[in-house]
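[1] attaching a predicted model along with its sequence, questions to come.
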Amino acid sequence: MARHGIGAGRRIRTPGAALLAVLLAAATLSACGGSGDSGGAVTLTFWTHTHPPMIKLNRTLIAEYQRQHPNVRIEYQQIPNDEFDTKMLTAMSNGTGPDVLNLDDTTLRGEYLPKRLLAPIDYGALGAGSEDALKNRYLPRTLDGASADGQLYGLPSEFNATAFAVNTQHFADAGLDPNPPPKTWQDVTTDAKKLAAAGHQQAFSFLYLHSGWYTQQLQTLLNQTGGTITDPGHQKATVTSPQARAAVSIWAGLATGTERTADPNKTSREATAPFNDLATGRQSMAMVYPWAMEQIRESNPDTFAKLKLVPLPQLNPAAPVNRWYGYYWGVSRASEHQQQAWQFISYLASQSQRWLSDVKFIQPVKGWDTSPAGKGVPGLDVWSTAYRQGKFDEVAPHFAEIKDAVMTMINDTVFDRVAIPDAANKAAGTIDRSLGN
């Protein structure tokens, strides 16, 4: 397997890769005696979204950290996924947010960094010494999701690309062979007709959860059509461009009319288990991420055994493109315990093998894919290829409002059958107002 892009790096046992765990662990183990920690009692607050495997390991690591640092108490709060964006941004904006938080890169770059809500990385607390030393632990460009104006503001807790999962039993029922899998979105439509004829009506569906889900799925299609949500300078909306409308058209074509691949009204709205339809065998195909496959394996092992991980369908299979997104641990600029907060993050980040083996959170440290836990990731070859083809989303200021406009545009098109140009014009007006035009 080729070793470049996100899959690049030396084996985990080599000095460069192994240095990550050694330095991060050293930094955290010295926290009690560090210059910023005299041994007095410190309480850190830590907020995350809701993902059961992540919560389980977070609790384990918090307990370990508190045993190693008796003077540190960590109050851990999980926020329901459909409330997370609003509650976190409101709390951070009024100064009542947590010391340590975990955010997706689009929200971080689109809302928190422009509003100066996060503290820059404390390289000393991480045992790194400098930005270059820290970057050397990670694969190229993977820290860009927490970067602005030449500063870094977070460490990746998970780093994702997009693949496709097909239920091989459903395919067999329909007389389909998953080898080769559907390569284009038109292939998905063609296969869906045969699946429906075999009794599998919910062949493929997008997820209709909160605005973040809508936007990331549309961005996956925009990457393939060459469309964007705003112009490069974030001065005006571009959702009315032919390329952007083409992405919406792919979505609408799969969700509406005689060619639809599922009834979107019947798609699960359970944000804590977003892939519930795939996991329970109601859905035959889905766009998935590494963590999603692990969640399905834990909740529905029988269904998981029937799933095959394959590359994401493309508009142009000859020039495949993918999408990166990550979650990053960061520290509130308002925190009174920033050094201790970064030392705690250092401990979380030093456990990349456990995040990979227990949660299937891929952290883009050098050598992740050749490590013992990396070799055990199902579909490693698919993920490695997807990472090499990926890029971060472009984000704009006031991105929470922009995501709401994207969600409304899709809902207008899919559920209210508004013509795509009209829905795009409406969204463009909302986005332009958010950008100040």
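    Okay, I see it.
[2] partner residues bridging the nearest residue to residue 266 once chain neighbours are set aside?
    In this structure, residue 266 finds its nearest non-sequential neighbour in residue 202, 6.3 Å apart by Cβ to Cβ, 6 or more residues apart in numbering. All C-beta atoms are positioned from the backbone trio N, CA, C, and that covers glycine. For residue 202, the beta-bridge partners are residue 283 (DSSP bridges).
[3] show me what contacts residue 202?
    262, 263, 266, 267, 277, 282, 283, 284 (Cβ atoms under 8 Å, 6 or more residues apart in numbering).
[4] how near is residue 132 to residue 145?
    18 Å (Cβ to Cβ, to the nearest Å).
[5] name the residues that touch stretch 44-63?
    Applying Cβ under 8 Å, 6+ apart, the external contacts of stretch 44-63 come out as 72-81, 84, 88, 91, 97-102, 271-272, 291, 294-295, 298, 337, 340-341, 344, 347-348, 351, 354-355, 358-361.
[6] now, of those residues, which are buried?
    The neighbour-count test (16 or more other Cβ atoms under 10 Å) marks 72, 74, 76, 78-79, 81, 84, 88, 91, 97-102, 271, 291, 294-295, 337, 340-341, 344, 347-348, 351, 355, 358-361 as buried among those.
[7] what's the domain layout of this protein?
    As assigned by automatic domain parsing, the chain contains the domains 5-160+324-388, 163-322+395-434.
[8] weakest of these by average pLDDT?
    Here the lowest mean pLDDT among these goes to domain 5-160+324-388, at a mean of 87.
[9] distance from it to the middle of the chain?
    Chain-centre distance of domain 5-160+324-388: 14 Å, with Cα atoms, centre = their mean, to the nearest Å.
[10] my read is residue 190 is in a helix, agree?
    Yes - in this structure, residue 190 lies within a helix as judged by DSSP: H, G, I helix; E, B strand; the rest coil.
[11] can we start the residue count at 114 from this point?
    Okay, residue one is now 114; in that scheme the one you just asked about reads as residue 303.
[12] residues in contact with the closest residue to it other than its chain neighbours?
    Distance criterion Cβ to Cβ, 6+ apart; nearest residue to residue 303, sequence neighbours excluded, is residue 295 at 7.7 Å. Listed by Cβ under 8 Å, 6+ apart, the contact set of residue 295 reads 277, 279, 301, 303, 304, 398, 423, 426.
[13] which among the residues you listed end up buried?
    Among these, the ones that count as buried by 16+ other Cβ under 10 Å are 277, 279, 301, 304, 398, 423, 426.
[14] mind putting the residues you listed into a markdown table with secondary structure and distance to residue 478?
    Output for the buried ones among the contacts of residue 295, formatted as a markdown table (DSSP: H, G, I helix; E, B strand; the rest coil; distance: Cβ to Cβ, whole Å):
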| residue | secondary structure | distance to residue 478 |
| --- | --- | --- |
| 277 | strand | 26 |
| 279 | strand | 30 |
| 301 | helix | 34 |
| 304 | helix | 37 |
| 398 | strand | 31 |
| 423 | strand | 26 |
| 426 | coil | 30 |
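[15] got those as JSON lines, with distance to residue 360 columns?
    Converted to JSON lines, these look like this (distance: Cβ to Cβ, whole Å):
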{"residue": "277", "distance to residue 360": "17"}
{"residue": "279", "distance to residue 360": "22"}
{"residue": "301", "distance to residue 360": "15"}
{"residue": "304", "distance to residue 360": "21"}
{"residue": "398", "distance to residue 360": "19"}
{"residue": "423", "distance to residue 360": "21"}
{"residue": "426", "distance to residue 360": "13"}
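[16] and of those residues, the nearest to residue 549?
    Within those, proximity to residue 549 (Cβ to Cβ) peaks at residue 426, which comes in at 37.1 Å.
[17] which residues touch that closest one?
    Applying Cβ under 8 Å, 6+ apart, the residues near residue 426 are 277, 295, 296, 297, 298, 300, 301.
[18] okay, and which of those map to helices?
    Residues of the contacts of residue 426 located in helices (DSSP state H): 298, 300, 301.
[19] now, which of those sits nearest residue 518?
    residue 298 (23.8 Å).
[20] just to revisit the earlier point, can you tell me which of the contacts of residue 315 has the most neighbours?
    Highest neighbour count within those, by other Cβ atoms under 10 Å: residue 397, with 31 neighbours.
[21] just the strands in the stretch 264-413 of the chain please.
    264-265, 268-273, 276-280, 315-317, 396-401 (DSSP state E, counting those that start in this stretch).
[22] is it possible to get JSON lines of those strands that adds distance to residue 508?
    Output for the strands of the stretch 264-413 of the chain, formatted as JSON lines (distance: least, Cβ to Cβ, whole Å):
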{"stretch": "strand 264-265", "distance to residue 508": "16"}
{"stretch": "strand 268-273", "distance to residue 508": "16"}
{"stretch": "strand 276-280", "distance to residue 508": "23"}
{"stretch": "strand 315-317", "distance to residue 508": "27"}
{"stretch": "strand 396-401", "distance to residue 508": "20"}
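[23] of the ones you listed, which is nearest residue 446?
    Of all the strands of the stretch 264-413 of the chain, it is strand 264-265 that lies closest to residue 446, at 11.9 Å by Cβ to Cβ.
[24] pairing partners for that closest one, with directions?
    Assessed with DSSP bridges, strand 264-265 is paired to strand 260-261 (antiparallel).
[25] what comes into contact with the partner strand?
    By Cβ under 8 Å, 6+ apart, the residues outside strand 260-261 that reach it are 222, 226, 227, 266.
[26] let's see that with 6 Å instead.
    residue 226 (Cβ atoms under 6 Å, 6 or more residues apart in numbering).
[27] ramachandran angles for residue 253?
    Backbone torsions for residue 253, taken as degrees, to the nearest 10, come to phi -60, psi 140.
[28] and for it, the neighbour number?
    Neighbour count for residue 253, taken as other Cβ under 10 Å: 14.
[29] mind listing the helices for the stretch 114-263 of the chain?
    For the stretch 114-263 of the chain, the helices defined by DSSP state H, counting those that start in this stretch occupy 128-142, 165-181, 194-206, 218-220, 244-248.
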